[in-house]
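**Student:** Fold the following, please.
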Amino acid sequence: MTKHYIEANKDRFVEELCSLIRIPSISSESEHKPDMLRCAERWKELLIQAGVDNAEIVDTIGNPLVYAEKMIDPAKKTVLIYGHYDVMPVIPLELWDTNPFEPVIKDGRIWARGADDDKGQSFMQAKAFETMVATNTLTCNVKFLLEGEEEIGSPSLKEWIKDEKNKQKVMADVILVSDTDMVSADVPSITTGLRGLVKFEMRITGPDHDLHSGDFGGTVSNPINVLSQMIGTVLDEKGHITIPGFYDDVLVCSSEERELINRAPFSDEEYKKSVGVDLLHGEEGYTTLERIGIRPTFDVCGIQGGYSGEGFKTIIPSVAWAKLSFRLVASQDPERIARIVEEYFRSICPKSVKIDFIYYEKGMPYVCPIDLPEYKAAEKALMDTYGMQPIPAHSGCSISIVSDFEQELGLKSILLGFGLGADNIHAPNENYRLDRFFKGIETAVAFFQHYGK
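**Tutor:** This next block holds a predicted model:
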């Protein structure tokens with residue numbers, strides 16, 4: 001009955017998703033502030049149409065939340081569905097094959113920003129809910145919570161859920177999240193671990209204005225030189241982070257756990273081909289899958305300073321800055337890591353320049369035990385739709401609000417995602433396979449059937 005309903009409404013489901021995608025809800029760019037409200041309002045409309053009892057736009061200190069619920073029986077279990085409607089920036093536009101906010105359906109995929117992360121994935125849950133309401137098969141109470149700041153660290157939602165009244169509003173038995181990847185297109189998996197994150201901007205200031213590099217070169221510190229030299233000390237030739245104390249709390253996986261991780265179907269050759277490189281690189285002594293899921297990392301996400309326009313300008317720039325991130329694993333505290341990282345950079349920074357830090361996010365890692373009843377329900381659901389046992393998988397990604405939910409609400413989250421590495425999330429030409437979209441809807445329906453029992 002539910003499969004028939006999904007099949008009969010496929011085209012409408014896709015067009016409704018496209019209506020969300022067309023709204024350029026980029027949370028990190030202030031010019032899109034009106035689009036954030038517009039996208040929240042569209043989500044509210046779609047949830048009402050799907051069958052919730054009530055839906056509302058909730059004001060926060062930042063972008064609005066969308067909250068909705070359908071309570072069929074207070075005695076039954078309640079599932080809180082979390083997702084986000086904000087998306088990453090789309091620059092550089094010249095690398096997109098199509099308009100990032102005008103979805104194109106081609107080769108069995110939707111091509112657009114947000115097609116996967118997270119409009120496509122969270123919309124699967126809305127359509128699974130609609131399917132169950134329409135076919136009178138809903139077995140649990142359902143609450144929806146959609147935010148517009150996940151891509152910038154969920155600052156407003158993190159503050160909002162600290163309020164006791166708000167905690168009671170969203171309280172449930174479990175949180176269901178579709179915002180992660182599968183290990184492959186044909187092998188189902190459930191994400192059991194997310195890395196934590198510390199991301200910040202480090203700014204180096206030298207002279208109070210740009211200087212002529214002929215007149216002043218060799219006499220005044222060049223902020224770009226200093227910044228580059230400092231960043232260059234963080235990783236050694238073995239891909240090991242050199243900051244003292246960085247690995248003190250890293251949870252070391254046993255040989256048995258590492259063996260389980262490497263059972264996932266994975267090819268280094270295919271991985272290299274998918275990202276267009278000839279050689280992989282990372283921390284020595286670990287496989288690619290281990291580097292992704294159970295080891296911390298350091299990355300320069302952006303660097304700027306001086307003149308980068310057409311032609312050449314011989315200057316010593318006044319300022320240089322870099323956007324840096326550390327991905328963390330189980331047992332690492334982002335507050336502690338931020339402190340020791342800042343102490344390290346300050347200790348090696350020459351006195352001839354000034355150093356400043358601007359923090360964007362400090363998120364805890366997350367681990368989901370595989371013996372939870374909620375996990376078992378997700379496992380059975382994937383067995384229904386894929387015909388095989390799903391693999392528990394550690395993700396290299398971070399969704400910091402998931403750890404905040406656990407700390408503030410005392411709830412575990414089941415990370416039931418259907419993305420693939422080839423979906424190009426956060427990059428040009430993001431896309432989402434339509435078969436994953438519909439399979440995700442079917443699986444979400446199956447999860448409710450099993451969990452409701």
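**Student:** Could you look up the SS state of Val341?
**Tutor:** Of the three states, Val341 takes helix according to DSSP: H, G, I helix; E, B strand; the rest coil.
**Student:** Contact partners for it?
**Tutor:** Val198, Ile243, Phe246, Phe326 (Cβ atoms under 8 Å, 6 or more residues apart in numbering). Just so you know, the C-beta spots here come from the backbone N, C-alpha and C atoms, and that holds for glycine as well.
**Student:** same question, Pro369
**Tutor:** Taking Cβ under 8 Å, 6+ apart, we find Pro369 in contact with Thr192, Tyr375, Lys412.
**Student:** Just to be sure, which of those are found in helices?
**Tutor:** Tyr375 (DSSP state H).
**Student:** With distance to Gly51 added, can I get the contacts of Pro369 in a markdown table?
**Tutor:** As requested, these are exported to a markdown table (distance: Cβ to Cβ, whole Å):
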| residue | distance to Gly51 |
| --- | --- |
| Thr192 | 31 |
| Tyr375 | 27 |
| Lys412 | 26 |
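**Student:** Sort out which one of the contacts of Pro369 lies nearest Glu283 for me.
**Tutor:** Glu283 has its nearest neighbour among the contacts of Pro369 in Thr192, at 21.0 Å by Cβ to Cβ.
**Student:** returning to what we had before: want to throw the contacts of Pro369 into CSV with neighbour count, distance to Pro64 and pLDDT?
**Tutor:** Written out in CSV, the entries for the contacts of Pro369 read as follows (neighbours: other Cβ atoms under 10 Å; distance: Cβ to Cβ, whole Å; pLDDT from 0 to 100):
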residue, neighbour count, distance to Pro64, pLDDT
Thr192, 20, 31, 93
Tyr375, 21, 32, 97
Lys412, 19, 26, 97
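**Student:** Can you give the domain ranges for this structure?
**Tutor:** Listed by automatic domain parsing, the domain ranges of the chain are 2-194+365-452, 196-250+296-363.
**Student:** Going by secondary structure, Glu270 is in what exactly?
**Tutor:** helix 268-275 (DSSP states H and E).
**Student:** Give the buried residues for the very next helix or strand once past that helix.
**Tutor:** As assigned by DSSP H and E, the chain's next helix or strand after helix 268-275 is helix 288-293. For helix 288-293, burial by neighbour count (16 or more other Cβ atoms under 10 Å) applies to Leu289, Glu290, Arg291, Ile292, Gly293.
**Student:** Give me the contacts around the helix or strand bottoming out on mean pLDDT in the chain.
**Tutor:** When the helices and strands of the chain are compared on mean pLDDT, DSSP states H and E, helix 255-261 comes out lowest with a mean of 86. Applying Cβ under 8 Å, 6+ apart, the contact partners of helix 255-261 are Cys253, Thr287, Leu289, Glu290, Gly293, Ile294, Pro392, Ala393, His394.
**Student:** Swap in 10 Å and give it another go.
**Tutor:** Contact partners of helix 255-261, identified using Cβ atoms under 10 Å, 6 or more residues apart in numbering, comprise 193, 251-254, 286-287, 289-290, 292-294, 391-394.
**Student:** how far out from the middle of the chain is that helix?
**Tutor:** Chain-centre distance of helix 255-261: 25 Å, with Cα atoms, centre = their mean, to the nearest Å.
**Student:** Which members of the contacts of Val341 occur in strands, if any?
**Tutor:** Of the contacts of Val341, the ones assigned to strands by DSSP state E are Val198, Phe326.
**Student:** Highest neighbour count among the contacts of Val341?
**Tutor:** Val198 (27 neighbours; other Cβ atoms under 10 Å).
**Student:** quick one: it from Ser156, how far?
**Tutor:** 19 Å (Cβ to Cβ, to the nearest Å).
**Student:** count of residues packed around Asp35?
**Tutor:** 21.
**Student:** residue contacts, it?
**Tutor:** For Asp35, the contact set (Cβ under 10 Å, 6+ apart) comprises Ile23, Pro24, Ser25, Ile26, Ser27, Glu29, Asn63, Tyr85, Asp86, Val87, Phe101, Gly148.
**Student:** closest to Val367 among the residues you listed?
**Tutor:** Of those, the one sitting nearest to Val367 (Cβ to Cβ) turns out to be Asp86, at 25.5 Å.
**Student:** surely that closest one meets Val66?
**Tutor:** No - counting by Cβ atoms under 10 Å, Asp86 stays clear of Val66, with 11.6 Å between them.
**Student:** Which neighbours do those two have in common?
**Tutor:** Contact criterion Cβ under 10 Å, 6+ apart; residues shared by Asp86 and Val66: Cys39, Ala40, Leu146, Glu147, Gly148.
**Student:** Show me just the buried residues among these.
**Tutor:** By neighbour count, with 16+ other Cβ under 10 Å, the shared contacts of Asp86 and Val66 hold Cys39, Ala40, Leu146, Glu147, Gly148 as buried.
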